[in-house]
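> Next one to model:
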Amino acid sequence: MILSTHILSEIQQIAQRVIIIKSGGIVADESLKNLLEEQGEQKKVFVRIRGEKKQIEQAIQETSSLRQINIESIDNVYSLELEIINDVGHYNELAEKVIKAKGQILEINEIKSSLEKVFLRLHSAESN
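The predicted structure follows:
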């Protein structure tokens, strides 16, 4: 089946293969999975942790497979956006460091790249 649309969130839900066209020319033609991995943003993870600020920040700094991008806090609960540097064992390493710092992981979710961001990046890159 061929589907042509500008509603990229729907394409991301149903497509296996994606072709992106700009000014009549193909700028991408590959599987959705490969396109998101190759052209998407760095892999990121969102984490909420309860604990003492100094110990939690030190635990994150000591985690070699993750790099802190953003941190927000309410009371002793910290919401962090982390970039995955090493894709092997990053969750285990984070858990070990947080437990050692007497913290508690409340939530952890991978932030996935969107087809819309890839589309915009390809179109702006092709313009330059």
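
> list the contacts for Lys53?
Lys53 is in contact with 73, 76, 78, counting by CB atoms under 8 Å, 6 or more residues apart in numbering. Yep, even glycine has a C-beta here, placed from its N, CA and C like the rest.

> For the residue of the chain most remote from its centre, which residues are in contact?
In the chain, counting by CA atoms, centre = their mean, Gly24 sits farthest out from the average C-alpha position, at 30.7 Å. Shown in contact with Gly24 (CB under 8 Å, 6+ apart): no residues.

> any idea which of the contacts of Lys53 has the most stuff around it?
Highest neighbour count within the contacts of Lys53: Tyr78, with 21 neighbours (other CB atoms under 10 Å).

> Name all residues that make contact with that residue.
Contacts of Tyr78 by CB under 8 Å, 6+ apart are 48-51, 53, 56, 71-72.

> What of Val98?
Counting by CB under 8 Å, 6+ apart, Val98 has contacts 49, 51, 56, 59, 104-105.

> Could you save these as a markdown table and add columns showing neighbour count and distance to Ile7?
As requested, these are exported to a markdown table (neighbours: other CB atoms under 10 Å; distance: CB to CB, whole Å):
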| residue | neighbour count | distance to Ile7 |
| --- | --- | --- |
| Ile49 | 24 | 36 |
| Gly51 | 20 | 41 |
| Ile56 | 25 | 40 |
| Ala59 | 22 | 41 |
| Gln104 | 14 | 40 |
| Ile105 | 15 | 35 |
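
> What lies in contact with the longest helix anywhere in the chain?
Scanning the chain for the longest helix, with DSSP state H as the assignment, gives helix 115-127. Helix 115-127 has contacts (CB under 8 Å, 6+ apart) with 8-9, 11-12, 18, 20, 22, 27-28, 32, 35-36, 39-41.
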